[in-house]
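>>> Got a sequence here, can you model it:
(one chain, ligands or ions: 1)
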Amino acid sequence: MTDLPPLPASSLRLRLDAEALAANWRTLDAMSGTARAGAAVKADGYGLGAARVAALLAKAGCQDFFVAHWSEVPDVLRHVPSSRIAVLHGPMSAQEAEFAIQAGVRPVLNSLDQVRRWLGSGGGTCHLMVDTGMNRLGLAMADLGDALLDKLDIDICMSHLASADEDVNQNEEQLGRFAQVRAAVRARRYSLANSAGIALGSAYHADLTRPGLALYGGIARPELAGRIVPVAQPEAAVLQIRALEPGEKVGYNALFTADRPMRAGILAIGYADGYLRCWSGKGRFALGGREVPVLGRVSMDLTIVDLTEMPECREGDWLSAIYDLPQASATSGLSQYELLTLLGRRFSRQIGF
Ligand SMILES: *Cc1c(COP(=O)(O)O)cnc(C)c1O
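Model prediction:
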């Protein structure tokens, strides 16, 4: 390999407010009452960088961390004791069970098959997920009486709420089934609530809550507005500024045509970075407290904005995407979860606002 000079600074950055992240965890931990709040750091810490997010949350006092895939273990393991990392997808093979044992991380067992596999591999302390009505991952309620479960040393016995962000009967139905789970399964700790579940009240808190979205600034339920603060801010540099004459067309398929002399700024962000085409003609960017609209279609690596009313903006300046999660979700049609986890690998992820 040839020796490369150091890489030039990125023209795309995701600023992470470390204080806000810690504050959100403390808020959710306090809202969890006598339960402790853990943290879902799957999907690369909801797109913000799992290693960094885990380090900051551990420093804030968080002890229990949840990932989905085995491949997500190494990033978190740099900052968290292995026994405090739970892998939600569970062991699908003897090799995966062996990985958990060797790495010292705890698998979440989701079926009697996974229970058998874990016990057959020599097992050890594990977690158990029971399905209380979402019909996603988890042991069926009908399997709760199985004698195999008595052989497990279960740290966290958990279930997951399907509709905690809504006021629907399903929440109470799941809470009722979870009471049956608790009566049937011996475990050190019980856990039910995600971010939205925390806001449903103390009946849902058990021993440990598992917030994800709200840690990263998402407003999972109206009760969290005003308490949860934004954490992530995507920013892109202006690569080029060009003058448009009336009648000139802008971007792929000429979705925008200038109707007067205009000034267009070309930003180093596109759908490959998670700034999807749904922002075409709808998105907004800001500089110094003033906002400008996206012109025409978002392309793979570039987005064009109208700088006509921002004559002071120069090539190389940084513009911030307007990315208030609840509002951006309403505008784009993407969920707050998607808005975060879509943010791609070309962002330089840095701490500081
Ligand atoms: C993703 C996930 C969470 C976190 O959910 P949020 O809605 O992001 O708070 C908690 N528990 C399980 C099992 C999950 O898969």
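>>> Next up, the contacts around whichever residue of the stretch 151-300 of the chain sits closest to the ligand.
Nearest residue of the stretch 151-300 of the chain to the ligand (Cβ to the nearest ligand atom) works out as residue 212 at 2.7 Å. No exception for glycine: its C-beta is placed from N, CA and C like everyone else's. Residue 212 makes contacts with 39, 40, 41, 42, 46, 66, 194, 195, as judged by Cβ atoms under 8 Å, 6 or more residues apart in numbering.
>>> near the ligand, from these?
40, 42, 194, 195 (Cβ under 6 Å from any ligand atom).
>>> Which pLDDT does the model give the most centrally placed residue in the chain?
Nearest to the mean C-alpha position of the chain, counting by Cα atoms, centre = their mean, stands residue 46 at 2.2 Å. Looking at residue 46, its pLDDT is 98.
>>> Quick check, it in contact with residue 337.
Yes: using Cβ atoms under 8 Å, residue 46 makes contact with residue 337 at a distance of 7.3 Å.
>>> and for the two, which residues touch both?
Here residue 46 and residue 337 have residue 213 as joint contacts, going by Cβ under 8 Å, 6+ apart.
>>> hmm, back to that, if you look at the ones next to the ligand among the contacts of residue 212, which of them are in helices?
The helices, defined by DSSP state H, take in 42, 195 from those.
>>> Which helix in this structure has the most residues?
Longest helix in the chain, counting residues (DSSP H): helix 169-184.
>>> could you say what helices and strands it packs with?
strand 189-191 (3 or more Cβ pairs under 8 Å, 6 or more residues apart in numbering; DSSP states H and E).
>>> Give me the contact list for the strand it packs on.
Strand 189-191 has contacts (Cβ under 8 Å, 6+ apart) with 35, 38, 155-159, 178, 181-182, 206-210.
>>> Is any residue of it near the ligand?
No: using Cβ under 6 Å from any ligand atom, strand 189-191 stays clear of the ligand, coming no nearer than 8.1 Å.
>>> what's the distance between that strand and the middle of its chain?
22 Å (Cα atoms, centre = their mean, to the nearest Å).
>>> Now do the buried residues in stretch 253-267.
For stretch 253-267, burial by neighbour count (16 or more other Cβ atoms under 10 Å) applies to 256, 258, 262, 263, 264, 265, 266, 267.
>>> ok, back up a step: with respect to residue 272, which of the ones next to the ligand among the contacts of residue 212 is nearest?
When those are compared for distance to residue 272 (Cβ to Cβ), residue 42 wins out at 22.0 Å.
>>> Make sure residue 117 is actually in contact with residue 95.
No: using Cβ under 8 Å, residue 117 makes no contact with residue 95, being 10.2 Å away.
>>> Among the two, which residue is more densely surrounded?
Neighbours were counted for residue 117 and for residue 95 using other Cβ atoms under 10 Å; residue 117 has more, 20 against 10.
>>> Who are the contact partners of the more buried one?
Residues near residue 117 by Cβ under 8 Å, 6+ apart: 91, 93, 94, 97.
>>> Which helix or strand contains the residue of the stretch 251-353 of the chain with the smallest separation from the ligand?
Of all residues in the stretch 251-353 of the chain, residue 337 sits closest to the ligand, at 6.5 Å by Cβ to the nearest ligand atom. Element membership for residue 337, per DSSP states H and E: helix 336-341.
>>> Does anything pack onto the next helix or strand after that helix? Which helices or strands?
Using DSSP H and E, the helix or strand that directly follows helix 336-341 along the chain is strand 348-351. With contacts taken as 3+ Cβ pairs under 8 Å, 6+ apart, strand 348-351 sits against strand 12-16.
>>> Report all helices and strands that the strand it packs on contacts.
If you count contacts as 3+ Cβ pairs under 8 Å, 6+ apart, strand 12-16 packs onto strand 232-244, strand 348-351.
>>> what about 10 Å?
helix 50-60, strand 232-244, strand 318-321, strand 348-351 (3 or more Cβ pairs under 10 Å, 6 or more residues apart in numbering; DSSP states H and E).
>>> Do I have it right that residue 304 meets residue 266?
Yes: using Cβ atoms under 10 Å, residue 304 is in contact with residue 266, at 5.7 Å.
>>> circling back to that earlier point, can the longest helix of the chain be found next to the ligand?
No: applying Cβ under 6 Å from any ligand atom, one finds helix 169-184 separated from the ligand by no less than 12.7 Å.
>>> In that helix, which residues are buried?
Buried, per 16+ other Cβ under 10 Å, within helix 169-184: 170, 171, 174, 175, 177, 178, 181, 182.
>>> Just the pLDDT for the third one.
Looking at residue 174, its pLDDT is 98.
>>> hmm, back to that, tabulate the buried residues of helix 169-184 in a markdown table, adding columns for distance to residue 226.
Formatted as a markdown table, those follow (distance: Cβ to Cβ, whole Å):
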| residue | distance to residue 226 |
| --- | --- |
| 170 | 26 |
| 171 | 22 |
| 174 | 27 |
| 175 | 26 |
| 177 | 32 |
| 178 | 29 |
| 181 | 34 |
| 182 | 33 |
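>>> what angle separates the strand or helix carrying residue 330 from strand 232-244?
Per DSSP H and E, residue 330 falls inside helix 325-332. Put simply, helix 325-332 runs at 40 degrees to strand 232-244, going by axes from the mean of the first three to the mean of the last three Cα atoms, to 10 degrees.
>>> Could you give the bridge partners of the closest residue to residue 57 other than its chain neighbours?
Leaving aside its sequence neighbours, residue 57 sits nearest to residue 39 (Cβ to Cβ, 6 or more residues apart in numbering; 4.9 Å). Residue 39 has these beta-bridge partners by DSSP bridges: residue 65.
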